[in-house]
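Undergrad: requesting a structural model of the entry that follows:
(one chain, ligands or ions: 1)
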Amino acid sequence: MGLKVYLNGKLVDSSQAQVSIYDHGLLYGDGVFEGIRSYDGLIFQLAEHVDRLYESAHTIMLKIPLSQKEMARAVVDTLRANRLKNAYIRLVVTRGVGDLGLDPRKCDKPTVFIITDKIVLYPERIYKEGLAIVTVPTPRNLPEALNPQIKSLNYLNNILAKIEAINAGAEEALMLSAHGYVAECTGENLFIVRHGTLLTPPAHAGILKGITRGCVIQLAVKAKIPAREEMLTRHDLYNAQECFLTGTAAEIAPVVQIDGRRIGAGSPGPVTLKLMGDFKKLTKTAGVKY
Ligand code: PXG
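TA: Numbering: from 1, shown residues only. Just a heads-up that it's a prediction; the model follows:
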């Protein structure tokens, strides 16, 4: 028997979990999602992720047929059914089944599913030695056209960037805004350390304000590391002493090379290592028990 997934109110075997080809999540990317982690039986930042899911849904006028409390409960139930202590949790809500037109009014019931599975992280080597990333030609979506705070099922912008990074032989893509400022990577936010100060692009650079990003800023404040948002150029990145990425899947991943330029000493720096340690502690102590 495979893993159980939550699908529209029921726990079913993953091999039996099916969604219609008329689902607008599939036909149009009309839906929203979240990626969450659990560590040693603690769900990390569950309320923050559920809040963000409901905010994304509200903006696209998608009414989720569960309360936030019921959604959190469904996450717990799914994890328990699979006896997973360390999991990657994917929450998806789509517009549901409709016809072949765009009109969301034709979809009367949203599709809700929750997958809990083992996680595939970057290999351990990445956390010791750091990543090499490259700037890709595809700019991040114009936030005026599609606000990246909406975590929608439409990730082609990021997927194109990922393909460009892979084609260039790099592990991850650095995406710029349409104006050429540093935005983020395909599923991670970016930070640099410049003369002891932690810097990261603000929301108006066209980024998703990541939950891990928020945690890292709080950890920095606690550790008395000055931290602020600032519009950054590639020049700022090339000349930083340290650089790292943050995301639910990646956690904190050091970056040691950007577009062929070595960053700092070419190995994970002291601020990065301190924050990685503090973050690890946080994941093991804070969270919703199940
Ligand atoms: N930027 C974008 C565009 C993202 O999609 C982040 C930043 C980091 O946000 P959090 O809240 O996770 O700190 C994301 C995260 C994955 C994966 O498995 C991650 C995301 C989406 C899809 C897959 O790495 N989103």
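
Undergrad: looking at the chain, what residue ends up closest to the ligand?
TA: Gly210 (2.8 Å; C-beta to the nearest ligand atom). C-betas here are computed from N, CA, C, even on glycine.

Undergrad: what's around that residue, how many residues?
TA: Gly210 is flanked by 21 other residues according to other C-beta atoms under 10 Å.

Undergrad: backbone dihedrals for it, please?
TA: phi -60, psi 150 (degrees, to the nearest 10).

Undergrad: list the contacts of it.
TA: By C-beta atoms under 8 Å, 6 or more residues apart in numbering, the contact set of Gly210 is Glu184, Glu188, Asn189, Thr246, Gly247, Thr248.

Undergrad: number of nearby residues for Val112?
TA: 20.

Undergrad: what sits against it?
TA: Tyr6, Leu7, Asn8, Gly9, Ile64, Pro65, Leu66, Ala74, Val92, Val93.

Undergrad: any idea how far Leu245 is from the residue of the chain closest to the ligand?
TA: 10 Å (C-beta to C-beta, to the nearest Å).

Undergrad: quick one: secondary structure of Leu199?
TA: Using DSSP: H, G, I helix; E, B strand; the rest coil, the structure places Leu199 in strand.

Undergrad: okay but it is in contact with Asp236, surely?
TA: Yes - assessed by C-beta atoms under 8 Å, Leu199 is found in contact with Asp236 at 7.5 Å.

Undergrad: in PyMOL, how would I select the buried members of the contacts of Gly210?
TA: Per 16 or more other C-beta atoms under 10 Å, the buried members of the contacts of Gly210 correspond to this PyMOL selection:
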select buried, resi 184+188+189+246+247+248
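
Undergrad: tabulate the contacts of Gly210 (JSON lines), appending secondary structure and distance to the ligand.
TA: Listed next are those as JSON lines, based on DSSP: H, G, I helix; E, B strand; the rest coil; distance: C-beta to the nearest ligand atom, whole Å:
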{"residue": "Glu184", "secondary structure": "strand", "distance to the ligand": "5"}
{"residue": "Glu188", "secondary structure": "coil", "distance to the ligand": "5"}
{"residue": "Asn189", "secondary structure": "strand", "distance to the ligand": "5"}
{"residue": "Thr246", "secondary structure": "strand", "distance to the ligand": "6"}
{"residue": "Gly247", "secondary structure": "strand", "distance to the ligand": "4"}
{"residue": "Thr248", "secondary structure": "coil", "distance to the ligand": "3"}
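
Undergrad: kind regards, and thank you for your time.
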